[in-house]
Every structure is written in structure tokens, then in C-alpha cells.
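Chemist: based on what follows, work out the 3D shape:
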Amino acid sequence: MGRAEVGTPKYIANKMKSKGLQRLRWYCQVCEKQCRDENGFRCHTQSEAHVRQMLIIGENPQKKIADFTEQFKRDFISLLRSSHGEKPINANKFYQEYIADRNHVHMNATRFVSLTEFVKYLESEGICNVEVDEKSREGGFTIAYIDNTPEAVRRRQLAQKRERAGDDDSERERKVLEAQIKKAQEEIEKKAAGKSAEEENNEKTKELQRSDQQPIKIGFSLGSGKASGLAKKPAIPLNRPKKLLKMK
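Modeler: Okay, here's the model as predicted:
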């Protein structure tokens with residue numbers, strides 16, 4: 001059966017399928033060719049071009065595997081840094097993003113047998129922070145890139161300095177608040193003490209007051225006239241003698 005002619009619907013459908021992500025076991029990293037099914041992959045491995053490439057690699061297979069491993073690690077880390085930065089992401093989920101590009105180096109061409117082994121390698125080399133992912137449905141591990149560039153180091157130091165400054169401000173505010181609370185308590189205690197003293201004085205004043213409401217009487221005497229300096233005037237008789245009346 002011949003190939004579909006250019007421009008036909010079948011040709012376009014085949015092109016669209018070829019752009020999509022296929023199974024890794026049907027991908028030939030040596031020839032950089034993606035096969036669509038097992039039959040196609042078997043036919044490719046029996047082709048003359050594939051056999052010729054395998055003979056070339058067979059002369060020094062360790063060097064070729066090392067080159068594939070280095071290229072895979074470089075592309076994987078570069079995509080992780082550019083797309084997610086230092087934010088954590090599930091390793092399986094990110095690997096699906098990585099293999100979405102059909103031109104990448106596949107893991108089956110490297111020295112790493114599984115993704116778990118590669119993730120542990122990144123942790124041991126200090127390239128990524130790795131933690132067990134318990135929240136995600138995919139499970140596995142979460143990876144977060146560690147940026148050790150001078151700019152990133154300065155940025156982290158500045159963030160730590162700001163955090164410490166924030167802690168100092170919080171501690172200062174806490175001390176001021178405690179001092180205000182202590183001062184308010186002292187004022188309350190002083191007011192309570194003054195009130196109790198005033199009540200005590202009022203009680204003493206009430207004790208000194210008379211219980212009966214009778215008026216107080218004060219007696220005094222003026223004494224004799226001499227003592228008082230007042231002289232008695234002689235009394236004038238009203239009936240004069242008759243002799244005196246006649247002389248007038």
C-alpha cells in the first residue's frame with residue numbers, strides 16, 4: 001500500500017498524528033525516529049540505516065550513552081528552571097511536559113533506568129530539592145530547582161534580611177504593647193487604691209458625726225452694770241412741787 005499523496009486528508013491526518021507524543025518504547029534515539037506502533041518500530045530496527053548507526057555506536061557505546069545522559073540532564077534542568085523556577089512540581093507531571101517535545105533525548109537512551117533514579121541523582125548533586133509528594137494523585141516525588149547563580153543568592157539573602165527585619169519589627173511592637181498593657185494595669189491599680197482610701201476616709205468622717213440631730217444650746221451672762229460699763233440714769237419725777245410751779 002503506497003503512501004498518501006501530499007495534500008490529501010489522509011496525508012494531513014498522518015502528519016497530525018506524527019506530531020503527537022508516541023510511546024517511548026517505539027522511539028529510536030540513535031536515529032531520532034518515532035514509530036507509531038510496534039510493527040513500525042520492528043521494521044525500522046531491521047532497516048539498513050538503523051543497522052549502520054548501531055555499528056558506529058558499537059565501536060564506543062559508553063561514550064555515546066554518556067553523551068545522551070549529559071544532553072538529557074541539561075535539557076531537563078533547563079526546562080525546569082525556565083518553566084517553573086524554584087517552585088516545586090511533581091516529578092512525573094514535569095516529565096510529561098519534558099517528553100511532549102519529540103526532539104528531546106529520551107531517558108531510555110541514558111544510563112538512568114527509571115525516573116526515580118534520576119530524581120535521586122539530582123538530589124545527591126544538589127541540583128534540586130526532592131520531597132515525597134503525598135498530596136498529588138500522581139504520587140512519587142516533588143522536585144524544586146535550586147538556583148545557585150550570584151543573582152539568586154543575593155535575592156535569597158535580601159529576602160532573609162527582610163524577613164529578619166520583619167521579625168524585629170514584630171518583636172518591637174510586641175514589647176511596646178506589653179509596656180502599654182503594664183502601664184494601664186498600674187493606673188487601674190492606683191485608681192483602685194485611691195478609691196479604697198477615699199472610702200476609708202468617708203467611713204471615719206461618718207463615725208465622727210453626731211448621731212442625734214438636737215440643736216446645740218450655748219449659755220452666757222452679761223454680769224453687773226459696773227462690769228458692763230453702763231451707768232443708770234436718775235429717774236425724773238413726773239409730779240413737781242407746787243412751790244416751784246408758782247414761782248414760774
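
Chemist: do you have the strands of the protein handy? List them.
Modeler: Along the chain, counting by DSSP state E, strands occupy 27-28, 33-34, 89-90, 128-132, 141-145.

Chemist: paired strands for the last one, with orientation please.
Modeler: The pairing partners recorded for strand 141-145 under DSSP bridges are strand 89-90 (antiparallel), strand 128-132 (antiparallel).

Chemist: packed most tightly, which of those would that be?
Modeler: Highest mean neighbour count of these: strand 89-90, a mean of 18 (counted as mean count of other C-beta atoms under 10 Å). In this view, the C-beta of every residue, glycine as well, is placed from N, C-alpha and C.

Chemist: quick check: mean pLDDT across it?
Modeler: The average pLDDT for strand 89-90 rounds to 90.

Chemist: looking at the strands of the chain, which is closest to I12?
Modeler: I12 lies closest to strand 33-34 among the strands of the chain, at 17.9 Å (C-beta to C-beta).

Chemist: what's the closest one packed up against?
Modeler: strand 27-28 (3 or more C-beta pairs under 8 Å, 6 or more residues apart in numbering; DSSP states H and E).

Chemist: that older thread, save the strands paired with strand 141-145 as a markdown table, and put in distance to I188 too.
Modeler: Listed next are the strands paired with strand 141-145 as a markdown table, based on distance: least, C-beta to C-beta, whole Å:
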| stretch | distance to I188 |
| --- | --- |
| strand 89-90 | 56 |
| strand 128-132 | 52 |
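
Chemist: of all these, which one is nearest E186?
Modeler: E186 lies closest, by C-beta to C-beta, to one member of the strands paired with strand 141-145: strand 128-132, at 51.3 Å.

Chemist: show me the contact partners of the closest one.
Modeler: Defining contact as C-beta atoms under 8 Å, 6 or more residues apart in numbering, one finds that strand 128-132 is touched by 80, 88, 91, 119-120, 122-123, 141-146.
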